[in-house]
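> next one to model:
(chains A and B)
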Amino acid sequence: MASQQILFSPAELAYLHRSLSLKPPIRPDGRAPTQFRPLTAETGILPGTNGSARVHFSDGTEAIVGVKAEIEKTIEAPRAEESKPESNEAASERTRGDWLELAVEIPGQRDDEASTVFLSEMLREALLADKEFAKKLFINRRFHWRLYLDVLLISPPLSYPLPLLSLTTHLALLATRLPRLKSEGDEDPMFDDDWEASTFLYPQEGTATNGSRPPITLLVVAIGDNVIFDPAKEELAVAETALAVSVAEVRRAQKAGDMEVDSKGRELSLLSIRTIDPPSRLTPPGVPHTSNTGSSAFAPTKLQKAGDQETEGVWKAPLGGTKFGVLDGIIQAVLEKGGVADEVLDGLEGVELS
Amino acid sequence: MPLDTSTYSLALLRVDGRRWNELRRLHAQIRTQDAADGSSYLEMGHTKVMCIVTGPSEQQQQRRGQTSQRDAAAINVNVVIAGFSSVDRKKSGRNDKRIQEIEVTIANALASNLHTHLFPHSSITISLHVLSQDGSLLAALLNATTLALIDAGIPMTDYIAACTAGSTSTYAAGDDSADPLLDLNNQEEQELPFLTVATLGDSDRIAVLVCESRVQVTRLEGMLVVGVDGCKQVKQFLDQVVREKGAEMVREGAVEKSDAMGMVLDE
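Next comes the predicted model:
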């Protein structure tokens, strides 16, 4: 995250940290700890793609994702009878990772910059974490779809764009349609050229809806004892822990006429957790008034070595890892019924897919 | 052959059904994004571009030795062509020479048009995103940039309005009586000689002229005349977009109507 410069003084950081570790925390933009920034979203904006989405957060950040699919010949896997089934599966799993290409473009940044690569790997990893994704791209034993996801951050990167890009990718994948297959078996694939007849990559109704839905990756920070979702730039600057948590909804087969469909809620599965190095670790520490030779009439005594103790209200960059309790609390907050992931997915379901 | 010249001479209609002097559908929006200082979205036919202007702001770290820009604002242009913009996905690297040339062309055109001397020690960053391309890319980028710079309120001498012009037969055909064409799409650009021209405001002063294809010099004048004429139509359109947005903002009370405002707001 070297790209994000922190232009806060130690005094500002201390102030932010204190107000964010209060119970309940006071966030600079007045949101509740689990509240997302309001967003507007639309899908199907680019007719030249298989699926596209545009998401616009209220703070002005905006992203566009376009999905394009191409047919590719599957490289001949070793024959099943010759090799053991396990190794065959492993080989196919490895190649499936290559079936998805994801590129993140951030204006003013090189596309091979470490932070950009990390961002795109994080998004890709969440997609591939559930094993079912590659099955959707399978046409027959000789051919498969190759999916290209191009993630464009349109606005300047005001905050860490992970949640924005993840939500946009989620919507674009939901809106992705592939031409309907007309051929059968292992023959060369033939497709219906009527776009109206095309099928969704993630079908919305019918029996095919079973299985996992595209993942979302949430950015969560811990400050003091508080867990804060969707942090703004200021909040990330004082975060003690930053985690990227990927979750996906898994739909199970439901019997026809099941009356509890609505009350049952959704089943969420945790796909991956990644720690992100928060920029707060690189912030310069504040100097306590008592040990400041410039302002104090008395020379600092040896007892008050800087960094030895924490003085209330003086900023000190957080050190060390994440406690298990904090990690546990974050996962609970994400996965619980009516929790944040539930809320976000509810909101995204309201977006009309075209 | 994408543009069947024989059919063109029969009906005088192009592949997409236009006549020689017709522009494609133009659509533009200004102030599309709240976070940016200036932003715009422009469609020329199926070519769709977005422009975000940041600045004038404090100069970032000195990159590429821009020490010479101390008495005027530096203009950085950044073009991103999305991988999904063309029919076949093609990923262009950051060091693509074509993109770099487009960037330099836009930056040079703006350097002479913007009053950069008003903002010493600062930089204006223009980032352009190509969402879909179907010919006239440079022209669309220039037009979108003009709109975004107006939105950002950066003083400039006049609108830069751009469009392309071509000729109905190839260089090899050597047909001196070939008609000029206005506003080529991708299919026509593949086949025919064309140039991109940008003019300043309503005048005939040319700000940008790029021609990358071989064409007989006798045909050039006709192409240029048609191109300049197209630029005037584009300028009218851009002006209308800005006026409509301005009127809307006054109506909504986002800005106050000033007495010095020379124009009449048509409701």
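> which strand residues bridge the closest residue to A:Leu137 other than its chain neighbours?
Closest residue in space to A:Leu137, ignoring its immediate chain neighbours: A:Trp145 at 4.2 Å, by C-beta to C-beta, 6 or more residues apart in numbering or on different chains. C-beta: built from backbone N, CA, C; applies to glycine. With DSSP bridges applied, A:Trp145 shows beta-bridge pairing to A:Ile71.
> could you pull up the residues touching the residue of the stretch 1-150 of chain B found nearest chain A?
The nearest approach of the stretch 1-150 of chain B to chain A comes at B:Ala35, 2.4 Å away (C-beta to the nearest C-beta). The contact partners of B:Ala35, taken as C-beta atoms under 8 Å, 6 or more residues apart in numbering or on different chains, are A:59-62, A:155-156, A:158.
> ok, those vs A:Thr116, which is closest?
If you rank those by distance to A:Thr116 using C-beta to C-beta, A:Pro156 comes first, at 14.1 Å.
> and the residue of the stretch 1-150 of chain B closest to chain A, what pLDDT?
Reading off the confidence values, B:Ala35 has pLDDT 79.
> what does chain A have sitting close to chain B?
A:46-49, A:52, A:56, A:59-62, A:64, A:66-68, A:70, A:103, A:105, A:107-108, A:110-112, A:148, A:150, A:152, A:154-156, A:158 (C-beta under 8 Å from any C-beta of the partner chain).
> all the strands of chain B, residue numbers only.
For chain B, the strands defined by DSSP state E cover B:26-30, B:38-44, B:47-58, B:74-81, B:122-132, B:160-167, B:180-182, B:194-200, B:206-211.
> thinking again about what came up before, what about the closest residue to the residue of the stretch 1-150 of chain B closest to chain A other than its chain neighbours, how many residues nearby?
If the residues on either side of it in the chain are set aside, B:Ala35 comes closest to A:Gly60, at 2.4 Å by C-beta to C-beta, 6+ apart. Applying other C-beta atoms under 10 Å in any protein chain shown, we find 16 residues neighbouring A:Gly60.
> state the phi and psi torsions of the residue of the stretch 1-150 of chain B closest to chain A.
Main-chain dihedrals, B:Ala35, degrees, to the nearest 10: phi -80, psi -20.
> and it, how far from A:Ala232?
12 Å (C-beta to C-beta, to the nearest Å).
> anything in contact with each of those two?
Between them, B:Ala35 and A:Ala232 share the contacting residues A:Asp59, judged by C-beta under 8 Å, 6+ apart.
> pretty sure the residue nearest to B:Ala35 contacts B:Asp34?
Yes - using C-beta atoms under 8 Å, A:Gly60 makes contact with B:Asp34 at a distance of 3.8 Å.
> ok so, going back, among the contacts of B:Ala35, name the buried ones.
Among the contacts of B:Ala35, those classed as buried by 16 or more other C-beta atoms under 10 Å in any protein chain shown are A:59-62, A:155-156, A:158.
> now, which of these lie within strands?
Secondary structure from DSSP E places A:Glu62 of the buried ones among the contacts of B:Ala35 in strands.
> now pLDDT and distance to B:Val208 too, for the buried ones among the contacts of B:Ala35, in a markdown table please.
Listed next are the buried ones among the contacts of B:Ala35 as a markdown table, based on pLDDT from 0 to 100; distance: C-beta to C-beta, whole Å:
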| residue | pLDDT | distance to B:Val208 |
| --- | --- | --- |
| A:Asp59 | 82 | 35 |
| A:Gly60 | 82 | 31 |
| A:Thr61 | 87 | 32 |
| A:Glu62 | 90 | 28 |
| A:Ser155 | 84 | 27 |
| A:Pro156 | 78 | 26 |
| A:Leu158 | 75 | 32 |
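> for the stretch 101-250 of chain B, which spans come out with low pLDDT?
Residue ranges of the stretch 101-250 of chain B with pLDDT under 70: none are present.
> pick out the residue of the stretch 51-200 of chain A closest to chain B.
A:Gly60 (2.4 Å).
> next secondary structure after the helix or strand A:Tyr148 falls within?
When elements are assigned from DSSP states H and E, A:Tyr148 belongs to strand A:143-153. Helices and strands here follow DSSP H and E; after strand A:143-153, the next one along the chain is helix A:162-174.
> mind giving me the packing neighbours of that following helix?
strand A:39-43, strand A:51-57, strand A:62-73, helix A:114-129, strand A:143-153, strand A:216-223, helix A:340-349 (3 or more C-beta pairs under 8 Å, 6 or more residues apart in numbering or on different chains; DSSP states H and E).
> would CSV of the contacts of B:Ala35 with distance to B:Pro155 be doable?
Formatted as CSV, the contacts of B:Ala35 follow (distance: C-beta to C-beta, whole Å):
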residue, distance to B:Pro155
A:Asp59, 28
A:Gly60, 24
A:Thr61, 28
A:Glu62, 27
A:Ser155, 24
A:Pro156, 22
A:Leu158, 26
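> which of the residues you listed sit farthest apart?
A:Asp59 and A:Pro156 (11.4 Å).
> low-confidence stretches in the stretch 251-354 of chain A?
If you take pLDDT under 70 as the line, the stretch 251-354 of chain A has these spans: A:253-265, A:291-310.
> as a check, name the ranges of all strands in it.
Applying DSSP state E, counting those that start in this stretch to the stretch 251-354 of chain A gives strands spanning A:267-276.
> name the single longest helix found in chain B.
helix B:217-252 (DSSP state H).
> and that helix, what's buried?
Buried, per 16+ other C-beta under 10 Å, within helix B:217-252: B:219-220, B:223-224, B:226-235, B:237-238, B:241-242, B:245-247.
> stretch B:20-33 too?
In stretch B:20-33, counting by 16+ other C-beta under 10 Å, buried: B:20, B:23-24, B:26, B:28-33.
> I'd guessed A:Leu13 sits against A:Val238; true?
Yes - here A:Leu13 reaches A:Val238: they are 5.4 Å apart, a contact under C-beta under 8 Å.
> tell me the centre residue of the chain?
Using chain A here. Nearest residue to the geometric centre of chain A (C-alpha atoms, centre = their mean): A:Thr217, 2.4 Å.
> I'd assumed A:Ser246 was in contact with it.
Yes - applying C-beta under 8 Å as the test, A:Thr217 and A:Ser246 come out as touching, 4.5 Å apart.
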